[in-house]
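Participant: What shape does this take:
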Amino acid sequence: MTTVARGVLDVLGRAGVRTVFGLPGVHNLAFWRDSGPGTPDIMVVRHEQTTVYAADGLARATGGLGAALTTTGPGAVNAAGALGEAAASNTPLVMIASEISTRLRRPGGGDRRARGDRDAADRTLRQLVAAGAMAGAGDPRRGDRRAGDHGARCGL
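Facilitator: This is a model prediction of the structure:
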């Protein structure tokens, strides 16, 4: 049986990703467990922003798709500044933020990462990316590319 983590790694590999920059945390350890032959290497970094900044830099240097893996909740929010820069620069990049198991979720929280208004934080991240993408939309006549081009090629 293929896990979600392995499925995501397989899709990234099909999209041409050879390196994913990640920060391990309790809710995303399955990515390290399920990585191996045929999947991108996961380069461990020390801060969530670094996952996205490194993926952004690699995508710009190689012209490929950048991939970042963050931890749950605050980890994804910590990466917001780097994600905004990548979106504004129209860098082809995907950020994967883990989630706590549905078995552990309870109304009103139950896990320290689930406290607060996670939906509001997620909405803010989506708005940040949308605003950045519009600001840095680029000009297709100059050959500017979008992350969606990579997604279309690998079935995202």
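Participant: alpha carbons only for contacts and neighbour counts from here, please
Facilitator: Fine.
Participant: so where do the helices sit in the chain?
Facilitator: All helices of the chain, identified by DSSP state H, fall at 4-14, 29-34, 48-62, 74-78, 80-88, 118-135, 147-154.
Participant: Give me the helices and strands touching the first one, please.
Facilitator: Using 3 or more Cα pairs under 8 Å, 6 or more residues apart in numbering; DSSP states H and E as the contact test, the elements touching helix 4-14 are helix 29-34, helix 147-154.
Participant: Check the gap between residue 69 and residue 1 for me.
Facilitator: Note on residue 69: its distance to residue 1, by Cα to Cα, to the nearest Å, is 22 Å.
Participant: The two: which is more packed in?
Facilitator: When neighbours are counted by other Cα atoms under 10 Å, residue 69 and residue 1 differ, and residue 69 comes out ahead with 29 against 4.
Participant: Wait, the more buried one touches residue 83, no?
Facilitator: No - contact criterion Cα atoms under 8 Å: residue 69 and residue 83 do not qualify, at 11.8 Å.
Participant: Which residues are in contact with each of the two?
Facilitator: Jointly contacting residue 69 and residue 83 under the rule Cα atoms under 8 Å, 6 or more residues apart in numbering are residue 95.
Participant: For this protein, give me the ranges with low pLDDT.
Facilitator: Low-confidence segments of the chain (pLDDT under 70): 101-156.
Participant: how does it look with 50?
Facilitator: 134-156 (pLDDT under 50).
Participant: what's in contact with stretch 48-62?
Facilitator: With Cα under 8 Å, 6+ apart as the test, stretch 48-62 has contacts from 20-23, 45, 64-71, 75-76, 78-83, 86, 91-93, 95.
Participant: ChimeraX command for the buried members of the residues you listed?
Facilitator: Of these, the buried ones go into a single ChimeraX selection, burial set by 16 or more other Cα atoms under 10 Å:
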select :20,21,22,23,64,65,66,67,68,69,70,71,75,76,78,79,80,82,83,86,91,92,93,95
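Participant: does residue 12 really touch residue 42, like I thought?
Facilitator: No - under the criterion of Cα under 8 Å, residue 12 is not in contact with residue 42, lying 11.5 Å apart.
Participant: Neighbour count for those two, which is higher?
Facilitator: Taking other Cα under 10 Å, residue 12 and residue 42 do not tie; residue 12 has more neighbours (24 against 21).
Participant: Grab the nearest non-local neighbour of that one.
Facilitator: Leaving aside its sequence neighbours, residue 12 sits nearest to residue 40 (Cα to Cα, 6 or more residues apart in numbering; 7.3 Å).
Participant: Great, nothing more from me.
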